[in-house]
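Visitor: below are the sequence and a predicted model for it; my questions follow.
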There are 4 protein chains.
Amino acid sequence: MLRYLTSGESHGRCMLAILDGMPAGLQIDKSDIDRELSRRMQGYGRGKRMSIESDKVKILSGVRKSVTIGSPIAMMIENVDQSIERLGVVLHPRPGHADLAGVLKYGLKDVRSVLERASARETVARVSVGAVCKALLAGFGIKVTSHVVIIGGVEAETESLPFNRIVKICEKSPVRCADIKASGAMCAEIDRARKNGDTIGGVFEIVIKGVPPGLGSYTQWDRRMDGVLAKAVMSIQAVKGVSFGIGFEAANRMGSAVHDEILHDRRRGFSRKTNKAGGIEGGVTNGEDIRIRAVMKPIATLKRPLASINIRSKKGVYATVERSDVCAVPAAGVVGEAVSAVEIANALIEKFGGDSIGEMKRNFEGYLEQVRRF
Amino acid sequence: MLRYLTSGESHGRCMLAILDGMPAGLQIDKSDIDRELSRRMQGYGRGKRMSIESDKVKILSGVRKSVTIGSPIAMMIENVDQSIERLGVVLHPRPGHADLAGVLKYGLKDVRSVLERASARETVARVSVGAVCKALLAGFGIKVTSHVVIIGGVEAETESLPFNRIVKICEKSPVRCADIKASGAMCAEIDRARKNGDTIGGVFEIVIKGVPPGLGSYTQWDRRMDGVLAKAVMSIQAVKGVSFGIGFEAANRMGSAVHDEILHDRRRGFSRKTNKAGGIEGGVTNGEDIRIRAVMKPIATLKRPLASINIRSKKGVYATVERSDVCAVPAAGVVGEAVSAVEIANALIEKFGGDSIGEMKRNFEGYLEQVRRF
Amino acid sequence: MLRYLTSGESHGRCMLAILDGMPAGLQIDKSDIDRELSRRMQGYGRGKRMSIESDKVKILSGVRKSVTIGSPIAMMIENVDQSIERLGVVLHPRPGHADLAGVLKYGLKDVRSVLERASARETVARVSVGAVCKALLAGFGIKVTSHVVIIGGVEAETESLPFNRIVKICEKSPVRCADIKASGAMCAEIDRARKNGDTIGGVFEIVIKGVPPGLGSYTQWDRRMDGVLAKAVMSIQAVKGVSFGIGFEAANRMGSAVHDEILHDRRRGFSRKTNKAGGIEGGVTNGEDIRIRAVMKPIATLKRPLASINIRSKKGVYATVERSDVCAVPAAGVVGEAVSAVEIANALIEKFGGDSIGEMKRNFEGYLEQVRRF
Amino acid sequence: MLRYLTSGESHGRCMLAILDGMPAGLQIDKSDIDRELSRRMQGYGRGKRMSIESDKVKILSGVRKSVTIGSPIAMMIENVDQSIERLGVVLHPRPGHADLAGVLKYGLKDVRSVLERASARETVARVSVGAVCKALLAGFGIKVTSHVVIIGGVEAETESLPFNRIVKICEKSPVRCADIKASGAMCAEIDRARKNGDTIGGVFEIVIKGVPPGLGSYTQWDRRMDGVLAKAVMSIQAVKGVSFGIGFEAANRMGSAVHDEILHDRRRGFSRKTNKAGGIEGGVTNGEDIRIRAVMKPIATLKRPLASINIRSKKGVYATVERSDVCAVPAAGVVGEAVSAVEIANALIEKFGGDSIGEMKRNFEGYLEQVRRF
């Protein structure tokens, strides 16, 4: 079983994660994690803070001579701005954030004690954990990427694009969009929002290639792979919806146009004509690419702030302005990759044991052979 | 902590659930559970099987003289058709089901051993569990309903409808739709699909009224209420997407048009001008109605079956036809109510203790007072 | 992951268990479970109730044509006496039971609502679950037994006895004791206690043979195999202490006389000169027999009842007398086998995957080979 | 729900813990944690390493202006010796440690990769977590201590001693023994062992005062408070047995001499004449002091090393000598306090909610009143 906890406040000393349950024998390079942290900071539409930030991980435990030893892996990302003890009291909760619900729940008299932890800064810890899991997956031929499909109403045309093309085109897009034309329009939309002191959201898609059939289970409700992934992705700050394959479009189609017919071939075994299911049927991976879409609402901290209430005086005020990204959808996609990688890694470890990479690979190969010979 | 396991196969002896962690002192009437089971069977578009089914629960433990005693509650729904040991081997996996992934995963040579458990018949157990949780919630003034917002591309106009209106209008709609005009068009769409031997899906919305602010938490990724609810709803058979509030529409709007401004009033305390967030901000309930939408794909068992492969001979065939609902979106909504009720009940128990109803209510009242006086 | 919930009250309709996570492809014979249920009822010192009880299991789900299919396994044992709704109110809590703490915790006004669930009758469900797990373990050459080492102060001499001898001798002992001489003295002790209207307890030992090295882990506190087993065994009604290997005797010995020196042999691989650790070092199984001892206190329901308080009037009274076993240590040992079998099965599934028996065996063999070639 | 993960290797950068689920509003002083870390290092019989160690905690998150804010609390204890990357390969596994089972399980070729994590150094993280939990408990009038009852066969006479006397006398004993005479004999025993290059173990008792009745539950096997505590204490390095109250002595007594008769008094409510059960009946706390005994085996690293096998050459060798405590029973008791405090704190949070200290206290008081008026 793979599990992790994160901790840390936005302006505290650091963000931390302890990842428990990684098999021994996995090569971990600090640079692999730093690269993911760097991917998380990019994207047209980020504020000034991102340009000065340069997150680097410190691996504090669990790795010896660049190889995991089965122990829990602790990772720390120090904050540049560690002013939490000096920063002033915040009394104006921002609509769209945990601010108000947080102070009510925890009986706090300062919104700062909520927003410091509720901040999306926390995702640096999740991205670090995801980076380790991606390294694990890579050894089994499983790759994870993400791309932006809508920003501010501008929709990309990417339905027929294979994994590798997505990866390649996204590199050149400032918004991680695999449709270069749409990419430009998205940037224009971001500029327009910035000019208006407004923000915009969008939809990103996570694509996972090389997943074997048989992860997750239909036998008990909480073991369904789609439920597990939905929880992980929905738990990303500002995500308001998650779907698989054609998602909500399924409400408009006939059954005969929704399911993926089954093929078989001596060499490749079973496959599908299409992948409208997004790689999961009945809660179980079917061997096709997993495709998850998630919608991120526009960032809730606007330059033109929204109406709020002073929690002390109870008078009408405008919400506190904390930072200034206009659009963070590309970054959210990178976080989406991370949290999905964790769940796939966990499912892999559950199915193939996982005390050591050698053992896991032996079990994995045995299963692939079993599937081929089925 | 509330938790439950279900068991049972579609043509086995019975469907079962054990629900662990319900407080003592809750009045449970068998008829409350039977009513939910009955609601689950209804809806224009169900097949003949539904009309002969008449699920009734047997409470096997945990309730004494119609009141819970703190012990686990076991509930059994016997199957009318218990022919599992006599039914023949199924060799043609159906696209859109767990069939193929299931036999590969579990090394089974008969698709029946998969479809018997993967069947949506399992939801009778979840609906029973949900009915008990609804009874708990009712004692705290929390009500749960659902309504259909899209079927086969026909969309209802319900955005401004309050909870009670939804409940009332749905009673009169054969598809549990709160827009009577759309309701008729939906039925026509179902008829059309039936005539073509096809199936259709749709979108339902779960609405939960009376939830206090402060359930769930932003402090750790897996405690976010939206993530928890998304997992529960996504784990319903055939659901392919889940969203909160305006959901995927957030990708098309400006930030200034997405968030819910904060109001305050001596008598009512904090409230919101709008509820675009669907009652959850930063992973925490904010006191507004929780609104969850989920898309259900068209049922994967068509009268005009899809291309498949005989798992023994590996030859191309047509998928096995098992049953014949044309549309089950209204029923899926009822299941959605159940699984959401469980998670809200669990969050309530986590926040307010929960060994006995008396204790829980005292703690609940104390918190409401704390929020009012905040 | 293997997990289970039980439900049921002592005089309710039935005792139930749902066991989730058993691999597909395991042959399960109802008679295997019934045999364990029968073993649980035996033992010199049981009351009249035992002689009329004859528990038989009904497998309600998860097994098709006597083979598991990966679905949850539900097992029901009906109660002969189902009078719970008619039985009178109990106002005199018995010292040594959950009675008083139970009514306070759950706010109940009738001790019966506590004792019905707190009763050791619940262990029929656990024994059923354990029987299925034993069947799993048997396929991997892992055997579980138990024997009584102390009853009422009479201690058996069994330290050097190998597993098979224990099994064989116990068959002939009315108290499941592997020292025939002590066995007689124990029975005499039981007779003496019965004559005095008193009860006696004792110590049983669970022995598990054939466990591979490497189950459990030292890497996180809650993954230690000894901790996990201790929880399972301590959770048996009336157990007040659990130890491994030489247990509390370790407090009296020098370090040089406590640890098990390591040997190696081309053919057998690593082994130990002794097994004072009871098969677990650093929270991990080391390949030697697991040996767990547990002390069961004398049954708390005496014919000569203890001083108590009427929970309504608060007046001094004598505790209610419910049933009349004099000594149930041999039965507790059988329950100890069951709960230990579950934990070993779970650890096995965690390490070797576990969707199907075939897959699990392939992975198991691969690991044994890895250990041999280490 | 309270949960925590620890990480860190003995000669790595640091030991870490993330504690998730502490209520907001708890005053946490770094010095409270450091005091517990200091208590953990003391005790006659510790080696030179202890005298140079001086563990101090750094609180990295979750606490703002010395008060918890509901966020996860991260604590780091830096290691003085951080030589893990430079230290040489260890090929001789030590009997009594995880060494051999560890390399087999994880497929490691260097015992150091096991012993670095399996080391009892990890308990600094658990003691830190326990210190925070003790601070929580103190606010509810719950106190936790431990004392040594046996070392090397020398047994203390402490059965009738109340909590406060134990605390007071232990302060003056170099082995945390509440029987001054036995304390001296224990030290002499330690000296004798040291002279012989040997080690000795012993038994410690954890005493928890002020626990309300009703924590834990008999309703499901894994919710029993004794099982939960047994797991926590058994998971301490070198602990081989755990018992409650009179523990294994119950095997030698009559039922009439084992149970704690119930008294009642208008002012104090229910109480007991004796406390042979150690504060838990039927898996539920009964309001009396919780008394847990645990046996710690003699430290497995001897100056006169034990026979082992070189894992590379497979030749007979002597086990590697790593460090030199002669007896660490008093320290183990301090760790026992910590892990028990966590479980009691968790049970308290489960029963009384726990988002904020204010809310938790209100709920706690309400329950105490309910119990008083029962």
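Guide: Looks like it arrived, so ask away. Numbers count the residues shown, from 1 in each chain, chains lettered A, B, ... in the order given.
Visitor: how many neighbours does the nearest residue to A:R3 once chain neighbours are set aside have?
Guide: Nearest residue to A:R3, sequence neighbours excluded (C-beta to C-beta, 6 or more residues apart in numbering or on different chains): A:D20, at 5.3 Å. Using the backbone N, CA and C atoms, a C-beta is placed for each residue, glycine as well. Other residues lying near A:D20 total 22 when counted by other C-beta atoms under 10 Å in any protein chain shown.
Visitor: end to end, how far does stretch A:110-128 reach?
Guide: 30 Å (C-alpha to C-alpha, to the nearest Å).
Visitor: before we move on, back to that, which residues touch the residue nearest to A:R3?
Guide: Going by C-beta atoms under 8 Å, 6 or more residues apart in numbering or on different chains, A:D20 touches A:L2, A:R3, A:Y4, A:P72, C:T219, C:Q220, D:L5, D:S7.
Visitor: from the contact counts, what lies against the longest helix seen in chain A?
Guide: Criterion DSSP state H: the longest helix present in chain A is helix A:329-352. Helices and strands touching helix A:329-352, by 3 or more C-beta pairs under 8 Å, 6 or more residues apart in numbering or on different chains; DSSP states H and E, are helix A:30-41, helix A:123-138, strand A:143-151, strand A:202-209, helix A:225-234, strand A:290-296, helix A:357-372.
Visitor: quick one: contacts of stretch A:306-313?
Guide: A:91-96, A:100, A:103, A:109, A:111, A:315-320, B:256, B:259, B:261-264, B:270, B:273, B:374.
Visitor: can you tell me which of the residues you listed end up in strands?
Guide: Using DSSP state E, the subset of those located in strands is A:G316, A:V317, A:Y318, B:I262, B:L263, B:H264, B:F270.
Visitor: which residue is the nearest non-sequential neighbour of the residue nearest the centre of chain A?
Guide: Geometric centre of chain A, nearest residue: A:G336, 1.5 Å, by C-alpha atoms, centre = their mean. The shortest distance from A:G336 to any non-neighbouring residue, by C-beta to C-beta, 6+ apart, is to A:I206 (4.6 Å).
Visitor: over to A:C327?
Guide: Nearest residue to A:C327, sequence neighbours excluded (C-beta to C-beta, 6+ apart): A:G45, at 3.3 Å.
Visitor: can you redo the contacts of A:D20 as CSV with pLDDT and secondary structure?
Guide: Formatted as CSV, these follow (pLDDT from 0 to 100; DSSP: H, G, I helix; E, B strand; the rest coil):
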residue, pLDDT, secondary structure
A:L2, 97, coil
A:R3, 98, strand
A:Y4, 98, strand
A:P72, 98, coil
C:T219, 98, coil
C:Q220, 98, coil
D:L5, 98, strand
D:S7, 98, strand
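Visitor: sorry, back to before: for ChimeraX, write the selection for the buried entries among the contacts of stretch A:306-313.
Guide: Restricted to buried positions by 16 or more other C-beta atoms under 10 Å in any protein chain shown, the ChimeraX selection for the contacts of stretch A:306-313 reads:
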select /A:91,92,93,94,95,96,100,103,111,317,319,320 /B:256,259,261,262,264,270,374
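Visitor: check A:M50 and give its pLDDT.
Guide: For A:M50, the pLDDT comes out at 59.
Visitor: dump the residue contacts of the residue nearest to the centre of chain A.
Guide: Here A:G336 is in contact with A:S146, A:F204, A:I206, A:V233, A:I236, A:V239, A:I292, A:A294 (C-beta under 8 Å, 6+ apart).
Visitor: the first one against A:I206, yeah?
Guide: Yes - in this structure A:S146 lies within contact range of A:I206 using C-beta atoms under 8 Å: 4.8 Å.
Visitor: who touches both of those two?
Guide: In contact with both A:S146 and A:I206: A:G333, A:G336, A:E337, using C-beta under 8 Å, 6+ apart.
Visitor: surely the last one is in contact with A:K209?
Guide: No - in terms of C-beta under 8 Å, A:E337 does not count as a neighbour of A:K209; the distance is 11.9 Å.
Visitor: how close does A:S83 sit to chain D?
Guide: According to C-beta to the nearest C-beta, to the nearest Å, A:S83 and chain D sit 12 Å apart.
Visitor: swap that for A:V233, please
Guide: 21 Å.
Visitor: does that residue touch A:S243 like I think?
Guide: No - contact criterion C-beta under 8 Å: A:V233 and A:S243 do not qualify, at 9.7 Å.
Visitor: and the helices in the stretch 151-300 of chain A?
Guide: Secondary structure of the stretch 151-300 of chain A (DSSP state H, counting those that start in this stretch): helices at A:163-172, A:180-195, A:225-234.
Visitor: ok now the second one, how far from the chain's centre?
Guide: Using C-alpha atoms, centre = their mean, to the nearest Å, we find the averaged C-alpha position of helix A:180-195 to lie 23 Å away from the chain's own average C-alpha position.
Visitor: show me what from the stretch 51-200 of chain A comes close to chain C.
Guide: Applying C-beta under 8 Å from any C-beta of the partner chain, one finds that the stretch 51-200 of chain A approaches chain C through A:G70, A:S71, A:P72.
Visitor: show the contacting residues for the first one.
Guide: Applying C-beta under 8 Å, 6+ apart, one finds that A:G70 lies in contact with A:22-24, A:355-356, C:217, C:219, D:102, D:105-106, D:108, D:113, D:117.
Visitor: neighbour count and distance to C:C170 added to those residues, as CSV?
Guide: Formatted as CSV, the contacts of A:G70 follow (neighbours: other C-beta atoms under 10 Å in any protein chain shown; distance: C-beta to C-beta, whole Å):
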residue, neighbour count, distance to C:C170
A:M22, 28, 43
A:P23, 26, 41
A:A24, 27, 41
A:D355, 26, 35
A:S356, 23, 39
C:S217, 29, 33
C:T219, 29, 37
D:G102, 31, 34
D:K105, 29, 32
D:Y106, 26, 37
D:L108, 22, 40
D:S113, 26, 42
D:R117, 30, 40
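Visitor: from the residues you listed, which single one is nearest A:P305?
Guide: A:M22 (43.1 Å; C-beta to C-beta).
Visitor: identify the bridge partners of the nearest residue to the closest one once chain neighbours are set aside.
Guide: Closest residue in space to A:M22, ignoring its immediate chain neighbours: A:T68 at 5.2 Å, by C-beta to C-beta, 6+ apart. Taking DSSP bridges as the rule, A:T68 bridges to A:V63.
Visitor: next, count neighbours for A:T68.
Guide: Considering only other C-beta under 10 Å, A:T68 is surrounded by 26 other residues.
Visitor: then A:G153?
Guide: The number of residues packed near A:G153 is 16, by other C-beta under 10 Å.
Visitor: let's see the pLDDT reported for it.
Guide: 95.
Visitor: tell me where the model's unsure across the stretch 51-200 of chain A.
Guide: For the stretch 51-200 of chain A, the stretches flagged by pLDDT under 70 are A:51-53.
Visitor: indicate the residue of it located nearest to chain B.
Guide: In the stretch 51-200 of chain A, the residue found nearest to chain B is A:A98; the distance is 2.4 Å by C-beta to the nearest C-beta.
Visitor: what's that residue in contact with, if anything?
Guide: Applying C-beta under 8 Å, 6+ apart to A:A98 gives the contacts A:V114, A:L115, A:A118, B:Y218, B:E281, B:G282, B:G283, B:V284.
Visitor: sorry, back to before: would a markdown table of the shared contacts of A:S146 and A:I206 with pLDDT be doable?
Guide: Output for the shared contacts of A:S146 and A:I206, formatted as a markdown table (pLDDT from 0 to 100):
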| residue | pLDDT |
| --- | --- |
| A:G333 | 98 |
| A:G336 | 98 |
| A:E337 | 98 |
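Visitor: out of those, the closest to chain D would be?
Guide: A:G336 (22.2 Å).
Visitor: ok, that closest one to chain B distance?
Guide: Counting by C-beta to the nearest C-beta, the gap from A:G336 to chain B is 13 Å.
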